[in-house]
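Student: sequence and predicted structure below; questions after.
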Amino acid sequence: KQEVTQIPAALSVPEGENLVLNCSFTDSAIYNLQWFRQDPGKGLTSLLLIQSSQREQTSGRLNASLDKSSGRSTLYIAASQPGDSATYLCAVRYGGATNKLIFGTGTLLAVQP
Amino acid sequence: EAGVAQSPRYKIIEKRQSVAFWCNPISGHATLYWYQQILGQGPKLLIQFQNNGVVDDSQLPKDRFSAERLKGVDSTLKIQPAKLEDSAVYLCASRQDGGEQFFGPGTRLTVL
């Protein structure tokens, strides 16, 4: 069964701290992996997409890494800000016609000013 | 470019009532998805359309849920009758061939 797990479920850090969110998946035959941000009452905003052939992607203060062999991805946020407070979701896409995304349960991040 | 539109944004109903949600995908996106996100969980795919045909509805509770995309553009998702456990956010997403999925703001359903 293809499952995606995220730890921790919740995280609270002071402003300015660097932090790491973790995502693991049971089936390593992925097509790509995507990190999303979800604000309360809002939809999902794509942050980074890593193809299966890539090791990492960077966008501003965000860096996502992918280790297919171990079934893991990490999202690194540098110099966190209160505006980073949100739920972060990891989603894995497997091959095939449906392009279905399988989501983790998310990490709720609170950055304290 | 306009994003994925959904309505209503919020809906409160009593159990055993019916409810319908509407989604307008990004123009030109052939693929449309409906996800259910229960509080504290990640979104779960309910149904996927390619134009007006169903590609995957394996996780759609077909005894009470139905969805259609008659003209290959807008889509509606219906629940009849609703149960307490249907309380969730219903997300619509669309995708252009070869591209990534873009999500709408969702409809938050509360069943009392």
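Tutor: That came in fine, so what should we check first?

Student: can you give me the helices for chain A?
Tutor: Shown for chain A, no helices are assigned by DSSP state H.

Student: low-confidence ranges in it?
Tutor: Chain A contains residues with pLDDT under 70 at A:96-98.

Student: tell me the contacts of the residue in chain B that chain A sits nearest to?
Tutor: Taking C-beta to the nearest C-beta as the measure, chain B has B:Gly42 as its residue closest to chain A, at 3.1 Å. C-beta here means a position set from N, CA and C on the backbone, and glycine is covered the same way. B:Gly42 sits next to A:Val4, A:Leu89, A:Ala91, A:Phe103, A:Gly104, A:Thr105, A:Gly106 when contact means C-beta atoms under 8 Å, 6 or more residues apart in numbering or on different chains.

Student: run the last query once more with 6 Å
Tutor: Contacts here follow C-beta atoms under 6 Å, 6 or more residues apart in numbering or on different chains; on that basis B:Gly42 touches A:Leu89, A:Phe103, A:Gly104, A:Thr105, A:Gly106.

Student: for the first one, give its distance to A:Phe103.
Tutor: What that stands for is A:Leu89. 6 Å (C-beta to C-beta, to the nearest Å).

Student: of those two, which one has the most company?
Tutor: Per other C-beta atoms under 10 Å in any protein chain shown, whichever of A:Leu89 and A:Phe103 has more neighbours is A:Leu89, with 26 against 22.

Student: partners of that one in the sheet?
Tutor: Counting by DSSP bridges, A:Leu89 is bridged to A:Phe36.

Student: thinking A:Asn63 is in contact with A:Thr74, fair?
Tutor: No. Counting by C-beta atoms under 6 Å, A:Asn63 does not reach A:Thr74; the two are 8.4 Å apart.

Student: number of residues surrounding A:Asp39?
Tutor: 13.

Student: relative to A:Gln2, how far out is the residue in chain A that chain B sits nearest to?
Tutor: The nearest approach of chain A to chain B comes at A:Phe103, 3.1 Å away (C-beta to the nearest C-beta). Separation of A:Phe103 from A:Gln2 (C-beta to C-beta): 11 Å.

Student: same thing with B:Val111?
Tutor: Using C-beta to C-beta, B:Val111 is found at 29 Å from A:Gln2.

Student: same drill for those two, tell me which one is more crowded.
Tutor: Ranked by neighbour count (other C-beta under 10 Å), B:Val111 and A:Gln2 place B:Val111 first, with 20 against 12.

Student: now for that one: which residues touch it?
Tutor: B:Ile13, B:Lys15, B:Ala82, B:Leu84, B:Asp86, B:Ser87.

Student: pLDDT wise, what is the last one at?
Tutor: Meaning B:Ser87. pLDDT, B:Ser87: 97.

Student: burial check on it, number of neighbours?
Tutor: Neighbours of B:Ser87 using other C-beta under 10 Å come to 17.

Student: could you do the fifth one as well?
Tutor: Close neighbours of B:Asp86, defined as other C-beta under 10 Å, add up to 20.

Student: same thing with the third one?
Tutor: Residues contacting B:Ala82 under the criterion other C-beta under 10 Å number 23.
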